[in-house]
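Novice: Here you go, sequence then predicted model.
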Amino acid sequence: NTYTNCLPAWSVGPDCYKEVWNVVRRYGRTAAVVGGKTALEKGYGKLKAALEGTELTLSEPVWYGGNSTYENGDMVASLEAVKNADMLFAMGGGRAVDTCKYVAEKLDKPLFTFPTIASNCAPVTAIGVFYNPDDSFKDYFYPTRCPLHTFIDTQVIAEAPEKLLWAGIGDALSKECEVELCTRGRDLPHTPMMGRTMAACCTDPLVSYGKQALEQCRANVAGDALAQVALCIIVSTGIVSNFTTTANDYYYNSSLAHCVYYGATLVPASGHNHLHGEIVSFGVLTLLTYDKNF
């Protein structure tokens, strides 16, 4: 079959917003900045300061609606500031980023992502997780490609709540065991075979650097351990996702650990009161137990 796959591109570091203009300048002169309320408070001012003296104009901050629903995506896409912008900047966590994937696809605009927390791989993936208005899981959304470039400001991430990084580690720990389980015994073609091989790189950095990264986050220090863990959570697992996910052919990106999470979204006491990565990490233990990998 004929198919297209896209690799993510990224900039990382405490001053990486200074790279934005050089990366995006070929795509226009105006950008709509859409994200979560807290994320925009933390990142918008720093981004605007980094762009002083360039030819890029940012919109005023646009709230994405609070959840990755198609209703919120349609609301954002209807805003004049978004419709009139040359490109779209998604700032925040996974649900804000996924909402912007839908908006960018609907309006046919270039998308750049600015994760303010290291809690999932949404900033680099060609898939979006969408929910119903009651917060139960609805479906996956497949844009035509992953975001063009991701800017991972490790200082912004270091200043985010420690529990979000902790949950991100829990989410990323699922990648290797989930992909291995659902590809086991299969004769894989080129791209998912690469994804399965790369999935094996997603556990060791979390085990090696995770404890120190949490300590650095607690101290709001953008240290090397935090950078290594953030790159694993956002980039490494995201590349695996892009290599093991298609809309119609195969889906090896996740298995039992995430099934536990999606099922939990139907139970208000668990799905609504715990972070995504928190439940997924419990799902990892469920998967390993099911697989008799004690």
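Specialist: Yep, that arrived.
Novice: and the residue of the chain most remote from its centre, how far is that from residue 186?
Specialist: Going by Cα atoms, centre = their mean, the residue of the chain most distant from its centre is residue 292, 30.3 Å out. Distance of residue 292 to residue 186, given as Cβ to Cβ, to the nearest Å: 20 Å. Just so you know, the C-beta spots here come from the backbone N, C-alpha and C atoms, and that holds for glycine as well.
Novice: On the three-state scheme, the residue farthest from the centre of the chain is what?
Specialist: With DSSP: H, G, I helix; E, B strand; the rest coil as the basis, residue 292 sits in coil.
Novice: for it, what are its contacts?
Specialist: Under the criterion of Cβ atoms under 8 Å, 6 or more residues apart in numbering, residue 292 has no neighbours.
Novice: Could you do residue 39 as well?
Specialist: Shown in contact with residue 39 (Cβ under 8 Å, 6+ apart): 91, 92, 93, 96, 116, 117.
Novice: So which residues of the stretch 101-250 of the chain form strands?
Specialist: Under the criterion DSSP state E, counting those that start in this stretch, the stretch 101-250 of the chain carries strands at the ranges 111-115, 128-131, 137-141, 149-152.
Novice: out of those, deepest packed?
Specialist: Stretch with highest mean neighbour count among these: strand 111-115 (a mean of 28; mean count of other Cβ atoms under 10 Å).
Novice: Out of the contacts of residue 39, which is nearest to residue 260?
Specialist: Nearest to residue 260 among those is residue 93, at 20.3 Å by Cβ to Cβ.
Novice: Now do the phi/psi pair for the closest one.
Specialist: phi -90, psi -170 (degrees, to the nearest 10).
Novice: Report the contact partners of residue 148.
Specialist: Taking Cβ under 8 Å, 6+ apart as the test, what residue 148 contacts is 9, 27, 110, 111, 112.
Novice: So the fourth one sits against residue 90, correct?
Specialist: Yes: look at residue 111 against residue 90 with Cβ atoms under 8 Å: they come within range, at 6.4 Å.
Novice: where do the contact lists of the two overlap?
Specialist: Residues touching both residue 111 and residue 90 (Cβ under 8 Å, 6+ apart) are 100, 101, 104, 147.
Novice: By neighbours, which of the residues you listed wins?
Specialist: Neighbour tally across those (other Cβ atoms under 10 Å): the maximum, 35 neighbours, falls on residue 100.
Novice: so how far is residue 212 from the spatially most central residue of the chain?
Specialist: In the chain, the centroid-proximal residue (Cα atoms, centre = their mean) is residue 122; its distance is 1.9 Å. From residue 122 across to residue 212, the span is 25 Å (Cβ to Cβ).
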